[in-house]
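Visitor: just to be clear, the model below is a prediction. Sequence and coordinates:
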Amino acid sequence: MADPSSVSIVIPALDEAAAVGDLVRRLRAAAAWRDVLVIDDGSSDATGELARAAGARVVRHPYRKGNGAAVKTGIRQSEGDFILILDADGQHAPEDALRIAARLGEYDLVIGARAPSTHASPARRAGNAALNLLAGYLTGRPIPDLTSGFRGARRACLREFLHLLPNGFSTPTTTTLAFLRAGYSVAFEPIDARRRAGRSKIRFGADGARFLLILLTIVTVFSPLRLFVPASLVSFAAGVSYGIWNVTASGRIPNGAVLLILFAVLVFLVGLVSEQVSALRFAPPGREREREDD
């Protein structure tokens, strides 16, 4: 179990004056954390002032950079051996922070896994379910909640992946897959998420294309062969089937069948190259960690 005195709390916040003050006070009452750090991502309300009045250390961005950029600032500014990240919108119970911290040390990353019924809307539940299934396919293990922003991790491990973390809303997704890909121990701790205070910063319709791009990025960065091999097999099977059917019917191999087979070979070769590039992206942090351990 990680002692609370070794855990830094990082709270990215944008226009969360309705909830951040109470959240900070409850966190400080729950345990003697190393520090409670609120990253004010260019808020237009009194988020920073209320957080500071409640006892948090506040770092303010001069303009809005994104949730992921705020998390990265918090990782750089934190002082504890472990970092516990949670949203400032009042969804997460500060008391659950102790349960997550209790599993740090044994695990390198502990994620607060929400029940599906706690998601805001049917569309959001369906989207998160699709992400969880994709993540399970990529990693080969069940992922009950890929996008939860309530998570704790070793600070040293998080710093290894700063170069991979986006500035937007997909930081939880990226950290989960990065830890699993790097072979770190990951655990999921069931939590109850409450209705957030204020309005969500994510718009399902407007951000739909962005989340589709996130899905494609996740696949190509972490497990490219999981995408390229099935596409190659489908194209190869279609080309062979089309060629056999035409040979049987007319005694010749059509150009379309040859193109499909060549396309399958090219896709497979691109997948192999992408897999090597993906492996290289993870190699330097691993070597740095080994030097630190020595």
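Guide: Cool, the structure landed. No experiment lies behind these values; they were computed from the predicted model shown.

Visitor: now do the helices in the chain.
Guide: Taking DSSP state H as the criterion, the chain carries its helices at 20-30, 47-53, 67-77, 94-101, 122-139, 155-160, 171-181, 208-222, 225-250, 255-293.

Visitor: now render those helices as TSV, adding distance to Ser148 and mean neighbour count.
Guide: Bear in mind the C-beta positions are built from the backbone N, C-alpha and C, glycine included. Listed next are the helices of the chain as TSV, based on distance: least, C-beta to C-beta, whole Å; neighbours: other C-beta atoms under 10 Å:
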stretch	distance to Ser148	mean neighbour count
helix 20-30	16	20
helix 47-53	22	21
helix 67-77	13	21
helix 94-101	10	19
helix 122-139	9	16
helix 155-160	16	20
helix 171-181	6	22
helix 208-222	15	15
helix 225-250	23	15
helix 255-293	23	14
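
Visitor: where among those helices is average confidence lowest?
Guide: Per-stretch mean pLDDT for the helices of the chain is lowest at helix 208-222 (a mean of 67).

Visitor: ok, back up a step: export the helices of the chain to CSV and append columns for distance to Ile11.
Guide: Putting those into CSV (distance: least, C-beta to C-beta, whole Å) gives the following:
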stretch, distance to Ile11
helix 20-30, 7
helix 47-53, 8
helix 67-77, 8
helix 94-101, 10
helix 122-139, 22
helix 155-160, 15
helix 171-181, 14
helix 208-222, 23
helix 225-250, 34
helix 255-293, 26
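
Visitor: to Val38, which of these lies closest?
Guide: helix 47-53 (4.0 Å; C-beta to C-beta).

Visitor: relative to Ile111, which of the helices of the chain is closest?
Guide: helix 171-181 (6.6 Å).

Visitor: now the angle from the closest one to helix 122-139?
Guide: 20 degrees (axes from the mean of the first three to the mean of the last three C-alpha atoms, to 10 degrees).

Visitor: elements contacting helix 171-181?
Guide: Applying 3 or more C-beta pairs under 8 Å, 6 or more residues apart in numbering; DSSP states H and E, one finds that helix 171-181 contacts helix 67-77, strand 109-114, helix 122-139, strand 151-154, strand 186-191, helix 208-222.

Visitor: alpha carbons of it, as PDB, please.
Guide: Taking Å, rounded to 0.1, in the frame of the first residue of the first chain, the C-alpha atoms of helix 171-181 are listed here in PDB:
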ATOM      1  CA  THR A 171      -5.000  10.700 -21.900                       C
ATOM      2  CA  PRO A 172      -6.700   7.900 -19.800                       C
ATOM      3  CA  THR A 173      -7.000   5.700 -22.900                       C
ATOM      4  CA  THR A 174      -3.400   6.300 -23.800                       C
ATOM      5  CA  THR A 175      -1.900   5.700 -20.300                       C
ATOM      6  CA  THR A 176      -3.900   2.400 -19.900                       C
ATOM      7  CA  LEU A 177      -2.700   0.900 -23.200                       C
ATOM      8  CA  ALA A 178       0.900   2.300 -22.700                       C
ATOM      9  CA  PHE A 179       1.200   0.600 -19.300                       C
ATOM     10  CA  LEU A 180      -0.200  -2.700 -20.500                       C
ATOM     11  CA  ARG A 181       2.000  -2.600 -23.600                       C
END
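
Visitor: contacts for it?
Guide: 67-68, 71, 108-109, 111, 131, 135, 138-139, 141, 143, 146-149, 151, 153, 157-158, 161, 164-166, 186, 214, 218, 221-223, 282 (C-beta atoms under 8 Å, 6 or more residues apart in numbering).

Visitor: stretch 266-281 too?
Guide: With C-beta under 8 Å, 6+ apart, stretch 266-281 has contacts from 164, 220-225, 227-229, 231-232, 235.

Visitor: can I get these in CSV with distance to Ala178?
Guide: As requested, the contacts of stretch 266-281 are exported to CSV (distance: C-beta to C-beta, whole Å):
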residue, distance to Ala178
Leu164, 6
Thr220, 14
Val221, 9
Phe222, 7
Ser223, 12
Pro224, 15
Leu225, 17
Leu227, 17
Phe228, 20
Val229, 22
Ala231, 24
Ser232, 26
Ser235, 30
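
Visitor: so which of those comes closest to Glu16?
Guide: Among these, and counting by C-beta to C-beta, the member closest to Glu16 is Leu164, at 26.1 Å.

Visitor: done for today, thanks.
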